[in-house]
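Colleague: Fold the following for me, if possible:
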Amino acid sequence: MVGLLLQRAGELDEAVWAFERVQELGAKLGNQRVVAVATENLGLIAQEKGEMERAEDHLLESLALHEELAMDEGIAAASGNLGVLYNERGDAARACSHWARAAGLYEELGALPMAEKIKDRMKDAGCAPVGGREDAGGADRGGQGANPDRGVRKAANKS
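Modeller: Presented below is the predicted three-dimensional model:
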């Protein structure tokens with residue numbers, strides 16, 4: 001909570017410190033869900049600061065953690081955020097792939113406003129329309145195996 005407030009107040013370095021502390025405590029307590037969410041927030045802050053490689057590392061790490069935990073909502077959020085990152089970097093194919101996965105998962109979760117928000121972004125970026133998880137290449141549980149970046153890079157920055 002403190003990290004989010006610091007981030008919203010524009011105090012990004014302090015927010016990074018807070019989310020790194022949350023990562024450490026989550027790991028110490030064995031709560032991988034907390035680690036995944038803190039890592040995703042670190043990725044969003046890095047993106048906001050223009051540190052795109054660091055942002056990508058954090059977001060991919062977060063996605064992998066959510067996949068290990070079979071947390072569809074976290075997979076959808078991380079995939080959606082990766083779509084934004086790749087779109088900002090001009091990589092439409094990867095943006096569309098991640099967004100398709102996110103939209104399909106949000107639909108399955110009944111989070112229709114989020115699914116529509118993602119579909120609007122896809123339309124604006126010129127992505128093909130999606131109808132569900134199969135459009136993103138998803139597997140049986142949480143779209144696992146559908147991560148187009150699986151194995152491409154491991155998070156290099158833990159700070």
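Colleague: C-alpha from now on. contacts and neighbour counts both.
Modeller: Fine.
Colleague: wait, Gln7 sits on Ile45?
Modeller: Yes: with contact defined as C-alpha atoms under 8 Å, Gln7 reaches Ile45; the gap is 7.4 Å.
Colleague: need the helices for the protein, in chain order.
Modeller: 2-8, 12-29, 32-48, 52-68, 72-88, 92-109, 112-125 (DSSP state H).
Colleague: Tell me which residues touch the spatially most central residue of the chain, please.
Modeller: When C-alpha atoms, centre = their mean is applied to the chain, the residue found nearest the centroid is Ala78 (1.5 Å). Shown in contact with Ala78 (C-alpha atoms under 8 Å, 6 or more residues apart in numbering): Glu40, Leu59, Leu60, Ser62, Leu63.
Colleague: Repeat the analysis, applying 6 Å as the threshold.
Modeller: Ala78 is in contact with Leu63, counting by C-alpha atoms under 6 Å, 6 or more residues apart in numbering.
Colleague: how close does it sit to Leu112?
Modeller: 17 Å (C-alpha to C-alpha, to the nearest Å).
Colleague: Also Ile118?
Modeller: In this view, Ile118 and Leu112 are 10 Å apart by C-alpha to C-alpha.
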